[in-house]
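> have a look at this prediction, sequence included:
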Protein chains: 2
Amino acid sequence: MSKKFTNYYEVAYYDVDVTRSMKIPSMLSVIIKTSEDQCDLLGCGEDFVASFGLGWIITNYEIQISRIPKSGEKIAITTQATAYNKYFCYRNFWIHDELGNECVFVKSTFVLMDQKNRKMHNVLPELIEPFECEKIKNIYRGEKIQKIRNDHSSSSFYKVRFFDIDGNKHVNNAIYFNWLLDVLDYDFLMNYQPTKINIRFDKEVEYGQEIESHYEIEENETEKITKHEIRIGQQTCCTANIFWKIHD
Amino acid sequence: MSKKFTNYYEVAYYDVDVTRSMKIPSMLSVIIKTSEDQCDLLGCGEDFVASFGLGWIITNYEIQISRIPKSGEKIAITTQATAYNKYFCYRNFWIHDELGNECVFVKSTFVLMDQKNRKMHNVLPELIEPFECEKIKNIYRGEKIQKIRNDHSSSSFYKVRFFDIDGNKHVNNAIYFNWLLDVLDYDFLMNYQPTKINIRFDKEVEYGQEIESHYEIEENETEKITKHEIRIGQQTCCTANIFWKIHD
């Protein structure tokens, strides 16, 4: 069993949206902080990774949401590196409320990127062994993300802002959710909340670029699904499917 | 001497910009949380204020920055309601580092707004007495904010996003700093850091509106000043002056 690590956090007024529910970008920000804190604790933090000319990037998330924490709630965020193979490291996250109920469960895939040539690098033993997780042969293929049909999509443009880039000069993954969700209209976001999000990051977006956030809503009798793509010109940078239910 | 209240906070990776310095919007977010927490502690929190049909809004800040906290730093945020008159409540904030050095000092003015007619309401004793601050006759007139000269200004447009609005359906004050600062170019923001910010909020901005963030840079031998205005059409919503020094 690999090592688990837990952080505690009180959801602040600035973490929530107009329904006082924790914003998805804030949720992602606090879960990633937990994995960073675990890395620091185990002596393989960002600076150590950078000493090999490498950095971790996240290629996808599968987010299961049972209940979205509200403003003022005290939550526990737990992370565990579960397995790795030649290129991919798999890490889970959980958010629990004060009563110990699971609110959010996230599966994620991390890869090492060479800082110079921006290419994927094989996983180094020094950077994964401290977590004591299993080396596996197979590659986990997540749920398939359905693409949007271009002829049915709407879109808006967003410019990458100075404050969207972090200490590594990257656009933080959490920021993409601002662009993905803001295109949906006010009534939709007031009346529905996500129950599942599958997202894949294909290409990094950079400061000053203008991205186009495309979406399409699909509904059948039992559920509402939104399909999303972040594009720069013809290049797809990110794809996502979000499943929704009526807001609590 | 009126009551002081202190929160402790560790600056997270998502609170900092590309220079690993705490973003101004994050700084404002954490200081306002401190005043909200003090109000809750003294039994005059948001819900109590709302029971009178009122809400607090902030009309201006004078922010003195000695040193901007960095990612990972543990800071103490202290607040104190210092005085009030018929309409205005004056509140100070301090951010100190772990060694007790003052990093940031903020003077602010709060007013009560009637939630229905959106007009200023006189200060109610029930809402101010718990802080045990002095009632005064005079009105504190902050430092004059210099306007920009239209013929010298540049500007960019920003649309108010769903995640820019908080649990009170307002655009949080901290969000304005995204618009104010993002217009400055990358090299400027990398090479300079603010030492003083005077800002006044004249009119509320709402979800879906498109604002225009104007700025002008003025420099003399000893300092660099940027003058800012947030406008919607011909209406000025916010004015600010920011004083800069070479980045540490």
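Cool, got the structure.

> please make it C-alpha for all contacts and neighbour counts, starting now.
Fine.

> secondary structure class for residue A:128?
For residue A:128, the secondary structure call by DSSP: H, G, I helix; E, B strand; the rest coil comes out as helix.

> tell me how far it lies from residue B:179.
Between residue A:128 and residue B:179 the computed distance is 40 Å (CA to CA, to the nearest Å).

> what about those two, which has more around it?
Counted by other CA atoms under 10 Å in any protein chain shown, residue A:128 and residue B:179 do not tie: residue B:179 has more neighbours, with 24 against 18.

> distance check, the closest residue to that one other than its chain neighbours against chain A.
Nearest residue to residue B:179, sequence neighbours excluded (CA to CA, 6 or more residues apart in numbering or on different chains): residue B:213, at 6.2 Å. Separation of residue B:213 from chain A (CA to the nearest CA, to the nearest Å) stands at 13 Å.

> ok, residue B:213 - contacts?
For residue B:213, the contacting residues are B:155-158, B:179-180, B:183, B:228-231, by CA atoms under 8 Å, 6 or more residues apart in numbering or on different chains.

> can you do 6 Å?
B:155-156, B:229-230 (CA atoms under 6 Å, 6 or more residues apart in numbering or on different chains).

> C-terminal to the helix or strand hosting it, what's the next element?
Element membership of residue B:213, judged by DSSP states H and E, is strand B:210-219. Proceeding N to C from strand B:210-219, the next assigned helix or strand is strand B:224-232, under DSSP H and E.

> give me the angle between that following strand and strand B:210-219.
160 degrees (axes from the mean of the first three to the mean of the last three CA atoms, to 10 degrees).

> in the helix or strand that strand B:224-232 is followed by, which residues are buried?
Beyond strand B:224-232 in the direction of the C-terminus, DSSP H and E gives the next helix or strand as strand B:235-246. Neighbour-count burial for strand B:235-246, counted by 16 or more other CA atoms under 10 Å in any protein chain shown, picks out B:236-244.

> give me the neighbour count for residue A:206.
Per other CA under 10 Å, the neighbour tally for residue A:206 reads 17.

> just to check, residue A:228 is in contact with residue A:243?
No - Residue A:228 sits out of contact with residue A:243 when judged by CA atoms under 6 Å, with a separation of 11.4 Å.

> residue numbers of chain A in contact with chain B?
A:17-18, A:20, A:162-163, A:166-167, A:169, A:182 (CA under 6 Å from any CA of the partner chain).

> now secondary structure, pLDDT and neighbour count too, for those residues, in JSON lines please.
Formatted as JSON lines, the residues of chain A next to chain B follow (DSSP: H, G, I helix; E, B strand; the rest coil; pLDDT from 0 to 100; neighbours: other CA atoms under 10 Å in any protein chain shown):
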{"residue": "A:17", "secondary structure": "coil", "pLDDT": "94", "neighbour count": "23"}
{"residue": "A:18", "secondary structure": "coil", "pLDDT": "92", "neighbour count": "20"}
{"residue": "A:20", "secondary structure": "coil", "pLDDT": "93", "neighbour count": "21"}
{"residue": "A:162", "secondary structure": "helix", "pLDDT": "94", "neighbour count": "23"}
{"residue": "A:163", "secondary structure": "helix", "pLDDT": "93", "neighbour count": "22"}
{"residue": "A:166", "secondary structure": "coil", "pLDDT": "83", "neighbour count": "19"}
{"residue": "A:167", "secondary structure": "coil", "pLDDT": "78", "neighbour count": "17"}
{"residue": "A:169", "secondary structure": "coil", "pLDDT": "81", "neighbour count": "15"}
{"residue": "A:182", "secondary structure": "helix", "pLDDT": "95", "neighbour count": "18"}
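
> could you export the residues you listed as JSON lines, including distance to residue A:143?
Shown next, in JSON lines, are the residues of chain A next to chain B (distance: CA to CA, whole Å):
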{"residue": "A:17", "distance to residue A:143": "28"}
{"residue": "A:18", "distance to residue A:143": "31"}
{"residue": "A:20", "distance to residue A:143": "30"}
{"residue": "A:162", "distance to residue A:143": "33"}
{"residue": "A:163", "distance to residue A:143": "32"}
{"residue": "A:166", "distance to residue A:143": "29"}
{"residue": "A:167", "distance to residue A:143": "31"}
{"residue": "A:169", "distance to residue A:143": "30"}
{"residue": "A:182", "distance to residue A:143": "24"}
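
> okay, buried residues for the lengthiest helix in chain A please.
Counting residues, the longest helix in chain A under DSSP state H turns out to be helix A:24-41. Neighbour-count burial for helix A:24-41 flags A:24-39 (criterion: 16+ other CA under 10 Å).

> who are the packing partners of that helix?
Contacts defined by 3 or more CA pairs under 6 Å, 6 or more residues apart in numbering or on different chains; DSSP states H and E place helix A:24-41 against helix A:173-182.

> try 8 Å
Using 3 or more CA pairs under 8 Å, 6 or more residues apart in numbering or on different chains; DSSP states H and E as the contact definition, the elements that helix A:24-41 packs against are strand A:4-10, helix A:46-50, strand A:74-84, helix A:173-182.
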